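Asker: I would like to see how this sequence folds:
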Amino acid sequence: MNIEDDDVVDIKELIAQNKASNKKVRESIKDFNNYNELIKQWNEYTDGPKGKQMRRSRHDWDCPVCKQTMNYYTHPDDPSHPTLDHKHPKLLAKHLVFDENNLWVICRHCNQEKKGYSWAAYEYFIEYTYGKDSHQYRSVIANRLKKNV
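Answerer: Down below sits the predicted model:
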C-alpha cells in the first residue's frame, strides 16, 4: 500500500481532536445529570423574589402573544395569570436558563400553548394556527430572541 504525502495524518492532531470531543461528551453527560438540579434552581428562581417581581411588573399588561390582559392577582392556574417563559426551552438551551434575554412574561394560556417548542417551531405553530396576518404571529416575530445571545 502506497501512502502519499496528502494521506499522512498528524497523530498528535488526531489525539487532540479526540480529547476535545471526549471532553464535550463528558460535559454533555454532566449537564444532563445536573438537569434536575437546574430545574430545582429554576423553580426557586420563578417562585422567588426575582420571578415574582418580573411577573408582578407585567400585571395589567397585555400578553405579548394573545393581547389578553394579564392579572398577577388571579390564581396561578388562571389563563390570564402572567408566567415566565423561556423563548428557547430549558431542555434545548441549558446555557440560557437564567439569561433574562431568553425570558419573557406571557399569560398562562399562551405558555401552555407554547409547550416546549423551540422558537422556530413555535413561530411555525403560531403561523399555522393563526395565520401570517394575525396579531399573534406578528407579536411572536417581534419578540424573537436577539442575535447576540
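
Asker: pLDDT-wise, which helix or strand of the chain ranks last?
Answerer: Lowest mean confidence among the helices and strands of the chain (mean pLDDT, DSSP states H and E): helix 11-33, at a mean of 70.

Asker: pLDDT at the most centrally placed residue in the chain, what is it?
Answerer: Central residue of the chain (Cα atoms, centre = their mean): H88, 2.0 Å from the mean position. pLDDT recorded at H88 is 89.

Asker: tell me the contacts of N18?
Answerer: Contact analysis of N18 by Cβ atoms under 8 Å, 6 or more residues apart in numbering lists nothing. All C-beta atoms are positioned from the backbone trio N, CA, C, and that covers glycine.

Asker: no no, V97
Answerer: Neighbours of V97 in contact, by Cβ under 8 Å, 6+ apart: 38, 41-42, 86, 90.

Asker: closest to Y117 among those residues?
Answerer: Looking at the contacts of V97 and their distance to Y117, the nearest is H86, at 10.4 Å (Cβ to Cβ).

Asker: Which pair of the contacts of V97 spans the longest distance?
Answerer: Q41 and H86 (13.6 Å).

Asker: And those two? Which one has more around it.
Answerer: H86 (22 against 14; other Cβ atoms under 10 Å).

Asker: Leaving out sequence neighbours, find the closest residue to that one.
Answerer: N102 (5.5 Å; Cβ to Cβ, 6 or more residues apart in numbering).

Asker: Contact partners for that neighbour?
Answerer: 86-88, 93, 96, 145, 149.
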